[in-house]
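**Q** Sequence and computational prediction follow.
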Amino acid sequence: MLEIERAEGSYLFDSTGKKYLDLISGVSVSYLGHHHPKVIAAVQTQAEKHMHVMVYGEYVQSPQVQFAKLLAAHLPQPLQSVYFVNSGAEATEGAMKLAKKFTGRSEVVCFDKAYHGSTQGALSLIGSEAMRIPFLPLLPGIQQLRFNDGEEISRITTETACVIIEPIQGEAGVRIADKNFLKALRSRCDETGALLVFDEAQTAFGRTGKLFAFEHFDVAPDILLLAKALGGGMPLGAFISSKETMSSLSSNPALGHITTFGGHPVCCAAGMAAMEVLLESGLMKRVKPKGALFRKLLTHRLIKHVRSFGLMLAVEFDSLEICRKIVDRCIKNGIITDWFLFAENSLRIAPPLTITEEEIEQACEIILDSIRKVF
């Protein structure tokens, strides 16, 4: 167990002063690296003005308004109404409530090996029977389909409130949705009146080389879920939809969804500052070649496959036992990595987008050396 004392750029430092190259950035959170000066300045400036003043929505708070405006400016119509929450799980919960309220239906469709959070509602959608069983009973009316199986789409009906999917499944070890499959989902949702929900908690903010992963697929959702990177290192989530859809939460009852700390002004200030840096920096243009460099260098007889999309990679081995030994050796050798919930035989790589080519070369050298030393 590491005790992290400070972090800077691509590196973490433990209580002994040992330096670690961070290859997972808090699971796709710290996309600008650690301790970015503009994010730190935004946090300090806002904290000096005010922190929490009232339940989200009761007062007009500039950081919330300005960040929502920035997000909406970079999203297609009709994704223009932003509801800030505290986390990805809460964004999932809010989206399910919104879909049920707007459609008047109760069924929610999800997919195998999906991960949308660990609260009871989100857990009802999780693609792992083993993780659900200890907490039964969970939500009724959940239908789980096979990811990327076009024949399953017909199971979406006029009873379905929403279909929730990750365009790139994170905890399944970077399983990428087929473009035609997503287009067929979009068409089926349009036919049945179900809302299409994209969970981009792990994939947004440049991780794939574009601001949002759905831009690669030419398919837009009715509801978009954001978290992790959204807060620029601070806790923040959001569900985003059209004004018409979102307004269904404003009546019967009047407070259809409410949160005390969602949209915390300091978190919104940090998230907005980070997004502005991302948009101005040109970092996203370097994501694809940086991902390609990882793939080029990570070759070894024990590596079965490298699945990737931008700077989101899964390095697959024969077994969980092998993967864990390599992860442990990597950490000992100064590389922070881990494995995936539903792909335990695969090593996770999701570094800050600011990682340099030299740091990538160093990281790959240490990973390969760790493999050689273990086996």
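**A** Ah, there it is. Just so it is clear, the structure is predicted and the values come from calculations on it, not from any experiment.

**Q** helices and strands of this protein: which one has the lowest mean pLDDT?
**A** Least confident helix or strand of the chain, by mean pLDDT, DSSP states H and E, is helix 129-132 with a mean of 93.

**Q** strand partners of the next helix or strand after it, parallel vs antiparallel please.
**A** Once the chain leaves helix 129-132, the next helix or strand it forms, by DSSP states H and E, is strand 142-145. Strand 142-145 sits in its sheet next to strand 107-111 (parallel), going by DSSP bridges.

**Q** all strands of the stretch 201-350 of the chain, in order?
**A** In the stretch 201-350 of the chain, the segments counted as strands under DSSP state E, counting those that start in this stretch are 223-226, 237-241, 305-308, 313-316, 335-336, 339-340, 343-349.

**Q** can I assume residue 91 is in contact with residue 226?
**A** Yes. The criterion here is C-beta atoms under 8 Å, and residue 91 meets it with residue 226 at 6.7 Å. The C-beta positions use only the backbone N, C-alpha and C, and glycine is treated the same way.

**Q** Compare the two and say which one has the larger neighbour count.
**A** Comparing residue 91 with residue 226 by other C-beta atoms under 10 Å, the one with more neighbours is residue 91, at 32 against 27.

**Q** how near is the more buried one to residue 24?
**A** Distance of residue 91 to residue 24, given as C-beta to C-beta, to the nearest Å: 21 Å.

**Q** ok, now residue 339?
**A** Following C-beta to C-beta, the distance that separates residue 339 from residue 24 is 10 Å.

**Q** shared neighbours, the two?
**A** The contact sets of residue 339 and residue 24 overlap at residue 348 (C-beta atoms under 8 Å, 6 or more residues apart in numbering).

**Q** Of the two, which one has the most company?
**A** A count of neighbours by other C-beta under 10 Å puts residue 339 above the other of residue 339 and residue 24, at 21 against 18.

**Q** what's the neighbour count on the closest residue in space to the more buried one that isn't next to it in sequence?
**A** Among residues not flanking residue 339 along the chain, residue 323 sits closest, at 5.3 Å (C-beta to C-beta, 6 or more residues apart in numbering). Neighbour count of residue 323, defined by other C-beta under 10 Å: 24.

**Q** Now do the same contact list for residue 323.
**A** Contacts here follow C-beta under 8 Å, 6+ apart; on that basis residue 323 touches 317, 339, 344-347.

**Q** ok, now with 6 Å
**A** Residue 323 makes contact with 317, 339, 345, 347, according to C-beta atoms under 6 Å, 6 or more residues apart in numbering.

**Q** Check residue 240 too.
**A** Shown in contact with residue 240 (C-beta under 6 Å, 6+ apart): 79, 82, 224.

**Q** Need the per-residue pLDDT for the last one.
**A** In other words, residue 224. What the model reports for residue 224 is a pLDDT of 99.

**Q** returning to that earlier point: okay, and the common contacts of residue 91 and residue 226?
**A** Common neighbours of residue 91 and residue 226 (C-beta under 6 Å, 6+ apart) are residue 238.

**Q** quick one: which of the contacts of residue 323 is most hemmed in?
**A** Counting by other C-beta under 10 Å, top hit in the contacts of residue 323: residue 347 with 30 neighbours.

**Q** out of everything not next to it in sequence, what's closest to it?
**A** residue 315 (4.2 Å).

**Q** For the one you found, give me its contacts.
**A** Contact partners of residue 315, counting by C-beta under 6 Å, 6+ apart, are 298, 303, 306, 347.

**Q** do residue 12 as well
**A** Going by C-beta under 6 Å, 6+ apart, residue 12 touches 4, 20, 22.

**Q** With residue 306 as the reference, measure out to the first one.
**A** Note on residue 4: its distance to residue 306, by C-beta to C-beta, is 28 Å.

**Q** Ok, the last one next?
**A** Residue 22 sits 19 Å away from residue 306, going by C-beta to C-beta.

**Q** Pick out whichever of these two has more residues nearby.
**A** Using other C-beta under 10 Å, the more surrounded residue of residue 22 and residue 306 is residue 22, with 24 against 19.

**Q** who does the more buried one bridge with?
**A** Here residue 22 sits in beta bridges with residue 336, going by DSSP bridges.

**Q** Just confirm it contacts residue 335, I think it does.
**A** No. The criterion here is C-beta atoms under 6 Å, and residue 22 misses it with residue 335 at 8.5 Å.

**Q** My reading is that residue 113 lies in a strand. Confirm?
**A** No. Per DSSP: H, G, I helix; E, B strand; the rest coil, residue 113 lies outside any strand segment and is coil.

**Q** Hmm, it is touching residue 170, no?
**A** No. If you go by C-beta under 6 Å, residue 113 and residue 170 don't touch, sitting 9.9 Å apart.
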